[in-house]
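[1] structure for the following, please:
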Amino acid sequence: MDKLFKLFHTIRYLKMIQIYYRLYYLFRRKLRQLRGHVYPVSIPSNSTLLLSNSSLFSSDVLKESKFTFLNISHDFDGKIDWNYMGHGKLWTYNLTYFDFLNQKDISKERGHALIDDFVKEIRLINDGMEPYPISLRGINWIKFLNRHKIKEQKVDDSLYAQYKILMDNIEYHLLGNHLLENGFSLLYGAYYFKEESFYTKAKIIITAELSEQILEDGAHFELSPMYHQIMFFRVLDSIHLIKENHWKDDELLVVLKEKASLMLAWLNNMTFKDGQIPLFNDSANGIAPTTHELNEYAKDLQVKEEPTKLSSSGYRTVKSGLYEMMIDVGNIGPDYIPGHAHSDTFNFELYYRGRPIIVDTGLSTYEKNKRRTLERSTASHNTVELADLDQSEVWGGFRVARRAYITKLSEDENKRIEAIHNGYEKRLDVLHQRRFMYDTHQIIITDFIITDEIVPAIARLHFHPDAQVEIEGDLIRCDDIVIKVTNAALEIKQYQYAPRFNTLEDAKVVEMTFSEQMEIEIRL
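    Got it, this is the predicted structure:
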């Protein structure tokens, strides 16, 4: 019954287009199975080698016969199994993305042989023929083929057939970054094959979705700094593609440049001085191009950031000579696709003298297991948990049922940010209010539990593994930082910090148990 209740409160937020296409694709698949429908995997095509379209190189994930994705390696030691599921579906997806074709050291012959092998085995491939991996693989194949001036009819005909499959399975049932990836890839396919139908679909998707998905302050609306980096990279690649290859002359380039300027500004606002991003909402290190790399790429394309303040994304940054603090005072976003959202309202990260001190727990897995549930939970973030419940009901790996909304937000620039969320209102008749006050040498965080009843509350501070933490009475000592906590009982516990996929590091978390009001004074 509880699962049905959560499912109802998850589905109710979906857009009609998502519901329609989920049902449409489901019934179409069943009907096609009855009829024995099979997509052709080779369709006669005509391609045109594009002008230079090099972009950022990928990390070295392929060494001889060993592939390393998500910090897990597998040596096929011979023939590659493109359906290999030994490390989970996301690992298999990464294998079929072919991002390794963009490594600096991969030879023309090695890359070409891998493509040929995939083409040869394509009838047997399962997950790799879904629309999302087709989208990423299409971009990577086209980049590689053009960089090495490879023109092979067998490969082109296979790629063209894959794009036809993509055109028939656009991810309208998912929307979000998946739909944008479909559009960006179709743009590459359109230029490579000079295919008007691909271009028309790509232009419609990219124009509409960038308008929808890029917020006024430049953030990608799924509110994950990592996914923002990935989407920004795609926008820059699309600008490069259009500028270098004069086929179409219309307003799409103008749209891409406009959004790129906003996205660059947001990314720079949300990046610490050491180049790292906060690990909010399914962000992990080592997946997306870094902020530095993206700035250099933008500079090469003459994309300049459009000065803007953080606003609609719900994030705020506080930066002084001594510290940098990133704060989340926004809603889960967007309502109809919260798969990468965490239950983390009023979460924050703190750097002191260029070093991470208080951090987000991070992301180690996309598998639907206890670890993923834990990493998305309120207890894994630097905020307040009430009565052992999550602020927003995260479940099922990528789902959210009832969720917290900001009901009040006020701020004084360079002095105070204060907000209230209603995540616990319907279940506990409670509102949570948090106030951040700050100046050059101190940060004061005050939590108010607004209710007529006593509700058990636990606030947490997750410290970086390198931080030395101890408690003395009502004081938390962390290296040369002193944190005074008023009206709470303090206890140090262990947690596992996840800076990268499949990477866990032991670290300390301080739990602060209180009832009505608590104050955390961080002296810097």
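[2] quick one: the strands in the stretch 201-350 of the chain?
    315-319, 323-328, 348-352 (DSSP state E, counting those that start in this stretch).
[3] redo those strands as CSV? Include mean pLDDT.
    Listed next are these as CSV, based on pLDDT from 0 to 100:
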stretch, mean pLDDT
strand 315-319, 96
strand 323-328, 98
strand 348-352, 98
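[4] got the ones you listed as TSV, with mean neighbour count columns?
    In this view, the C-beta of every residue, glycine as well, is placed from N, C-alpha and C. Below are the strands of the stretch 201-350 of the chain laid out as TSV (neighbours: other C-beta atoms under 10 Å):
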stretch	mean neighbour count
strand 315-319	18
strand 323-328	24
strand 348-352	23
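[5] dump these into TSV; add distance to residue 25 as well.
    Formatted as TSV, the strands of the stretch 201-350 of the chain follow (distance: least, C-beta to C-beta, whole Å):
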stretch	distance to residue 25
strand 315-319	35
strand 323-328	34
strand 348-352	39
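[6] which one of those strands lies nearest to residue 248?
    Nearest of the strands of the stretch 201-350 of the chain to residue 248, taken as C-beta to C-beta: strand 315-319 at 35.3 Å.
[7] what inclination does that closest one have with respect to strand 348-352?
    20 degrees (axes from the mean of the first three to the mean of the last three C-alpha atoms, to 10 degrees).
[8] shouldn't residue 151 be in contact with residue 159?
    No: counting by C-beta atoms under 8 Å, residue 159 is not a contact partner of residue 151; they are 11.7 Å apart.
[9] ramachandran coordinates for residue 320?
    phi -130, psi -180 (degrees, to the nearest 10).
[10] what's the helix or strand for the spatially closest residue to it that is not a sequence neighbour?
    Nearest non-adjacent residue to residue 320, counting by C-beta to C-beta, 6 or more residues apart in numbering: residue 440, 5.2 Å away. Using DSSP states H and E, no element contains residue 440; it sits outside every helix and strand.
[11] and residue 440, what does it touch?
    Going by C-beta atoms under 8 Å, 6 or more residues apart in numbering, residue 440 touches 320, 321, 322.
[12] surely the last one touches residue 524?
    Yes: here residue 322 lies in contact with residue 524, judged by C-beta under 8 Å, at a distance of 5.1 Å.
[13] between those two, who's got more neighbours?
    residue 524 (20 against 14; other C-beta atoms under 10 Å).
[14] since we're on residue 369, how many residues are nearby?
    11.
[15] gap between it and residue 515?
    According to C-beta to C-beta, to the nearest Å, residue 369 and residue 515 sit 33 Å apart.
[16] same question, residue 492
    21 Å.
[17] likewise residue 241?
    Taking C-beta to C-beta, one finds residue 241 at 58 Å from residue 515.
[18] of the two, which one has the most company?
    residue 241 (25 against 14).
[19] and the more buried one, what is it in contact with?
    Per C-beta under 8 Å, 6+ apart, neighbours of residue 241: 50, 53, 187, 188, 191.
[20] who's in contact with the third one?
    What it means is residue 187. Contacts of residue 187 by C-beta under 8 Å, 6+ apart are 198, 199, 202, 203, 206, 238, 241.
[21] can you rerun that using 7 Å?
    202, 206, 238, 241 (C-beta atoms under 7 Å, 6 or more residues apart in numbering).
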